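Engineer: Sequence below, structure please.
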Amino acid sequence: MRTKVKDLLKSKPGQEVTAKGWVRTKRGNKNIAFIALNDGSTINNIQIVVETANFSEELLKKITTGACIAATGNLVESVGSGQAVEIQATDITLYGEANPDTYPLQKKGHSMEFLRTIAHLRPRTNTFGAVLRIRHAMAFAIHKYFNDKRFVYLHTPIITASDCEGAGEMFQVTTLDLNNPPRKENGQIDYSQDFFGRQTSLTVSGQLEGELGAMALGEIYTFGPTFRAENSNTPRHLAEFWMIEPEMAFYDITDNMELAEDFIKSLVRYALENCMDDMKFLNDMFDKELIARLEGVVKTDFVRLTYTEGIKILEESGEKFEYPVSWGVDLQSEHERYLVEKHFKKPVIMTDYPKDIKAFYMKQNDDGKTVRGMDVLFPKIGEIIGGSERESSLEKLEARISELNMGRETLEWYLDTRRFGSAPHSGFGLGFERLLLFVTGMSNIRDVIPFPRTPKSAEF
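Structural biologist: Below is the predicted model of the structure:
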């Protein structure tokens, strides 16, 4: 019976075991060979010691980097350094060969750019094995956190007729013949003949539907894929990514900030407690300050700062920014990182943004200029969470929708939550891949999702 490598490395010697996995390396001489075997359960390999006289030369030739094998033998204390135990092989089964002339993952360093071109194979590398195990752990920790707080997991639609952010950067969903779509008398496409009888798109956020859930269930969260047709080829943007979006009835902006801080600290703490082998590897290979930075976040109280105060600090900093700073501008990553990394040297929650640079649903402050929005800013990546107290006044929400010339017809259902039993409520969104950038220390968001979707790129 197979035992996973992670468990074998913790097992006591003196027993017969079977390991199955993929060969990372094979080295040795005429008399003995050492095979490093990995099955994806851990960053660490199990060493298989092979006395060559006991196996056919033809079999051993086929055991090359990338080949898949099963190795049965005695688990013994390891003589060499680097591992406590190893397997002295008595039987080896070759499941699948990997021709060394064509298998692209040989024993040498590969660039991140090259590995993105073989995303179907890159999970077999140490780096991506570590990243994907951490991704799994963070997904589990998110569900555990909200379940422990008795939030309800709400599945919001992936296909929608509403644009939550109002930016219009949405992927259209249609079954119409694109070469000859039906048209109205005025020449416009007749979406009444489409599958849903109206124009629909892939969701940019589950927030609006999440608010409906909060207005009935109290506290909900969503965790699902979201899509932005934004033509951004940057290390921080994807066209398809995952979002976690809690919505809470009876939470004001302060409650919202406290939940966001506790939530993200809980996730970082979970990673430190459950993913240390993988994180040590990433710390040593990519970011020497990774673990120290994560430990610092858990121990630190986040700064609370208004947008106006933040702009003043930036204006008086003497720093030369690529994008000039003045009250009313949408802060860029360089501004956010200056506040977090140089000025405060700790995470910042910024609040009370100008209403003109924020979404229509944010609660307006009494000054008529700002809204109760909040962004959580982190070292290395800038904004990691965006949220707000939501506007609970029907009149103010209707006025803001009209002011922005948004289509009322697709939002009447949303306005009903303010017509019938409106309540104070708040929520935020955490980009899952942004979280993973921070937790893994990777520098490009395309390297924390198995199959990245970016402009002109939809392979696999």
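Engineer: report the longest strand in this protein, please.
Structural biologist: Longest strand in the chain by number of residues (criterion: DSSP state E): strand 15-28.
Engineer: distance of the residue located most distally from the centre of the chain from residue 59?
Structural biologist: Here the centre of the chain is the reference, and by Cα atoms, centre = their mean the most remote residue is residue 53, at 48.8 Å. Per Cβ to Cβ, to the nearest Å, residue 53 is found 13 Å from residue 59. Bear in mind the C-beta positions are built from the backbone N, C-alpha and C, glycine included.
Engineer: same thing with residue 388?
Structural biologist: 63 Å.
Engineer: got it, and residue 411?
Structural biologist: 67 Å.
Engineer: These two: which has the busier surroundings?
Structural biologist: Higher neighbour count among residue 411 and residue 59: residue 411, with 20 against 13, using other Cβ atoms under 10 Å.
Engineer: got a list of what that one touches?
Structural biologist: Residue 411 sits next to 162, 208, 401 when contact means Cβ atoms under 8 Å, 6 or more residues apart in numbering.
Engineer: other SSEs contacting the next helix or strand after the longest strand of the chain?
Structural biologist: Downstream of strand 15-28, the first helix or strand assigned by DSSP states H and E is strand 32-38. Using 3 or more Cβ pairs under 8 Å, 6 or more residues apart in numbering; DSSP states H and E, the elements in contact with strand 32-38 are strand 15-28, strand 46-51, strand 68-77.
Engineer: Of those strands, which stretch is the most buried?
Structural biologist: strand 46-51 (a mean of 21; mean count of other Cβ atoms under 10 Å).
Engineer: which residues touch the one helix or strand residue 221 maps to?
Structural biologist: In this structure, residue 221 sits in strand 219-227 according to DSSP H and E. Residues outside strand 219-227 that contact it (Cβ under 8 Å, 6+ apart) are 139, 142-143, 146, 149-156, 158, 170-171, 202-207, 209-210, 213-214, 239-249, 432.
Engineer: Give me the buried subset of those residues.
Structural biologist: 142, 146, 151, 154, 156, 170, 202-207, 209-210, 213-214, 239-249, 432 (16 or more other Cβ atoms under 10 Å).
Engineer: can you tell me which residues contact the closest residue in space to residue 333 that isn't next to it in sequence?
Structural biologist: Distances taken as Cβ to Cβ, 6 or more residues apart in numbering put residue 382 closest to residue 333, at 4.0 Å, once the chain neighbours are dropped. By Cβ under 8 Å, 6+ apart, residue 382 lies in contact with 236, 333, 336-337, 340.
Engineer: Look up the residues forming beta bridges with residue 382.
Structural biologist: Counting by DSSP bridges, residue 382 is bridged to residue 378.
Engineer: buried sites along stretch 225-242?
Structural biologist: Quick answer for stretch 225-242 (16+ other Cβ under 10 Å): 226-228, 236-242.
Engineer: Residue 258: which element?
Structural biologist: Per DSSP H and E: helix 253-274 holds residue 258.
Engineer: tilt between that helix and strand 219-227?
Structural biologist: 70 degrees (axes from the mean of the first three to the mean of the last three Cα atoms, to 10 degrees).
Engineer: Now do whichever helix or strand comes after helix 253-274: distance to the chain's middle.
Structural biologist: From helix 253-274 onward toward the C-terminus, using DSSP H and E, the following helix or strand is helix 276-285. Put simply, helix 276-285 sits 18 Å off its chain's centre (Cα atoms, centre = their mean, to the nearest Å).
Engineer: If you count neighbours, what's buried in helix 276-285?
Structural biologist: Neighbour-count burial for helix 276-285 [16+ other Cβ under 10 Å]: 278-279, 281-283.
Engineer: Please tell me the pLDDT value assigned to residue 440.
Structural biologist: With respect to pLDDT, residue 440 scores 97.
Engineer: so who does it touch?
Structural biologist: 130-131, 134, 279, 282, 286, 290, 448.
Engineer: what's the spacing between it and residue 302?
Structural biologist: Relative to residue 302, and taking Cβ to Cβ, residue 440 is found at 21 Å.
Engineer: most surrounded residue in the contacts of residue 411?
Structural biologist: Of those, with other Cβ under 10 Å as the count, residue 208 tops at 23 neighbours.
Engineer: Which helix or strand contains it?
Structural biologist: Assigned by DSSP H and E, residue 208 falls in helix 207-217.
Engineer: contact partners of that helix?
Structural biologist: Residues from elsewhere that reach helix 207-217, judged by Cβ under 8 Å, 6+ apart: 152, 154, 156-157, 160, 162, 164, 220-222, 245-249, 361, 390, 411, 413-414, 417, 421, 423, 425, 427, 429.
Engineer: CA atoms only for that helix, dumped as CSV, please.
Structural biologist: What follows is helix 207-217, C-alpha atoms only, in CSV (Å, rounded to 0.1, in the frame of the first residue of the first chain):
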residue,chain,number,x,y,z
GLN,A,207,-20.9,41.9,-4.0
LEU,A,208,-24.3,43.1,-5.1
GLU,A,209,-25.8,39.7,-4.8
GLY,A,210,-23.9,39.2,-1.6
GLU,A,211,-25.6,42.3,-0.1
LEU,A,212,-29.0,40.6,-0.8
GLY,A,213,-27.8,37.6,1.2
ALA,A,214,-26.7,39.8,4.1
MET,A,215,-30.1,41.5,4.2
ALA,A,216,-31.7,38.2,4.9
LEU,A,217,-29.1,35.9,6.5
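Engineer: Quick check: mean pLDDT of it?
Structural biologist: Here the average pLDDT along helix 207-217 is 96.
Engineer: can you check stretch 193-203 too?
Structural biologist: The model assigns stretch 193-203 a mean pLDDT of 95.
Engineer: Next up, the contacts around residue 283.
Structural biologist: Contact analysis of residue 283 by Cβ under 8 Å, 6+ apart lists 289-291, 441.
Engineer: Quick check: residue 87 vs residue 57, distance?
Structural biologist: Residue 87 is 21 Å from residue 57, by Cβ to Cβ.
Engineer: what residue ranges in the chain score low on pLDDT?
Structural biologist: Along the chain, the model assigns pLDDT under 70 to residues 164-168.
Engineer: coming back round to it: pick the one among the contacts of residue 382 closest to residue 320.
Structural biologist: Top of the list for closeness to residue 320, among the contacts of residue 382 and by Cβ to Cβ, is residue 337 at 14.3 Å.
Engineer: Enumerate residues external to the helix or strand where that closest one lies that contact any of its residues.
Structural biologist: Assigned by DSSP H and E, residue 337 belongs to helix 333-337. Helix 333-337 has contacts (Cβ under 8 Å, 6+ apart) with 236, 310, 314, 321-323, 325, 348, 350, 375, 377, 379-383.
Engineer: can you give me how far that helix is from the chain middle?
Structural biologist: 20 Å.
Engineer: same check, this time on stretch 28-37
Structural biologist: 39 Å.
Engineer: Quick check: end-to-end length of it?
Structural biologist: In stretch 28-37, first residue to last residue: 15 Å (Cα to Cα, to the nearest Å).
Engineer: Lovely, talk soon.
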